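*Asks:* model this:
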Amino acid sequence: MSYQTLLYAVAGDVAAVTLNRPERMNSLNAVMRAELLDALTRAPREARAVVLTGAGRGFCAGQDLGDAGNIADLNLERVLREEYEPLLKLIYDCPVPVICAVNGAAAGAGANLALAADVVIAARSAVFLQAFTRIGLIPDAGGTYWLPRLAGMARAMGMCLFADPIPAEKAAEWGLIWEVVDDDKLAGRAAELAGRLASGPTEAYRLTKQALRQSMSNDLETQLALEARLQGEAGRTRDFMEGVAAFLEKRPAIFEGR
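*Replies:* Got it, this is the predicted structure:
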């Protein structure tokens with residue numbers, strides 16, 4: 001299947017999903033949101049890791065404000081509930097690791113789309129911008145969820161109220177993203193990390209994601225019980241048996257995935 005607003009390719013158990021409206025800084029219109037939903041539903045069935053990035057000089061400028069025609073007719077609550085919410089949950093709950101490679105500006109909903117990924121790397125020239133108050137809105141697309149958890153309440157509040165761009169290196173320092181790389185190395189680094197995850201224990205990654213996500217709302221007793229249950233699941237996988245055998249035989253493990 002081909003897409004109007006995306007590029008999609010699978011190679012070596014890695015699915016690459018590229019936002020492809022460079023003339024509009026990859027801003028999110030209704031077609032792109034629907035196509036992203038389709039591509040990110042398809043990717044974990046066809047690959048063991050996903051890379052999400054943008055074409056051109058920016059990752060994503062956020063919501064395309066010209067998409068609705070008359071801005072007064074744009075029902076923001078409906079769009080968020082029916083189009084953004086399923087997409088963000090799909091990234092957050094993806095059964096394989098999702099790496100976002102931010103290649104330039106990530107603004108508004110574009111920044112928060114990136115932060116939904118499991119691992120975010122950024123080009124040195126990239127910036128993250130919670131631009132919402134500039135047009136009289138509140139942060140959405142998960143921003144009010146991710147930001148306090150990743151950067152802390154003080155930094156989240158400042159980012160949202162002042163709506164100033166946060167350079168990639170500061171975003172890494174604040175814990176918003178995993179790492180910063182030189183611009184010309186971003187694609188290669190994303191491919192390297194995705195390839196490493198694609199050859200790893202896929203089910204262990206899925207269970208690790210689940211344990212870490214749920215820890216944000218669990219007390220210690222609940223989390224310890226969850227760890228025990230999920231570890232029991234991991235211990236029944238072929239990957240666990242292969243990992244132990246490889247350790248004992250002093251050889252690299254060959255994980256087959258699910």
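*Asks:* Please make it C-alpha for all contacts and neighbour counts, starting now.
*Replies:* Will do.
*Asks:* Which residues are in contact with residue 235?
*Replies:* Contacts for residue 235 (Cα atoms under 8 Å, 6 or more residues apart in numbering) come out as residue 241.
*Asks:* Residue 88 too?
*Replies:* 113, 116, 141, 142.
*Asks:* what's the nearest residue to the third one if we skip its chain neighbours?
*Replies:* Computed as Cα to Cα, 6 or more residues apart in numbering, the closest residue to residue 141 that is not its neighbour in sequence is residue 109, at 5.4 Å.
*Asks:* thought that neighbour was touching residue 62?
*Replies:* Yes - contact criterion Cα atoms under 8 Å: residue 109 and residue 62 qualify, at 4.4 Å.
*Asks:* returning to what we had before: from the contacts of residue 88, which two are the most distant?
*Replies:* Greatest spatial distance in the contacts of residue 88: 116 and 141, 9.1 Å, computed using Cα to Cα.
*Asks:* can you give me the strands for this structure?
*Replies:* 6-11, 14-19, 49-54, 58-60, 98-102, 105-107, 119-123, 127-129, 166-167, 179-181 (DSSP state E).
*Asks:* how about these in JSON lines, adding mean neighbour count, mean pLDDT and distance to residue 152?
*Replies:* Formatted as JSON lines, these follow (neighbours: other Cα atoms under 10 Å; pLDDT from 0 to 100; distance: least, Cα to Cα, whole Å):
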{"stretch": "strand 6-11", "mean neighbour count": "16", "mean pLDDT": "97", "distance to residue 152": "33"}
{"stretch": "strand 14-19", "mean neighbour count": "24", "mean pLDDT": "98", "distance to residue 152": "29"}
{"stretch": "strand 49-54", "mean neighbour count": "27", "mean pLDDT": "98", "distance to residue 152": "25"}
{"stretch": "strand 58-60", "mean neighbour count": "31", "mean pLDDT": "96", "distance to residue 152": "24"}
{"stretch": "strand 98-102", "mean neighbour count": "28", "mean pLDDT": "98", "distance to residue 152": "21"}
{"stretch": "strand 105-107", "mean neighbour count": "28", "mean pLDDT": "97", "distance to residue 152": "19"}
{"stretch": "strand 119-123", "mean neighbour count": "25", "mean pLDDT": "98", "distance to residue 152": "17"}
{"stretch": "strand 127-129", "mean neighbour count": "26", "mean pLDDT": "98", "distance to residue 152": "16"}
{"stretch": "strand 166-167", "mean neighbour count": "18", "mean pLDDT": "98", "distance to residue 152": "15"}
{"stretch": "strand 179-181", "mean neighbour count": "21", "mean pLDDT": "98", "distance to residue 152": "18"}
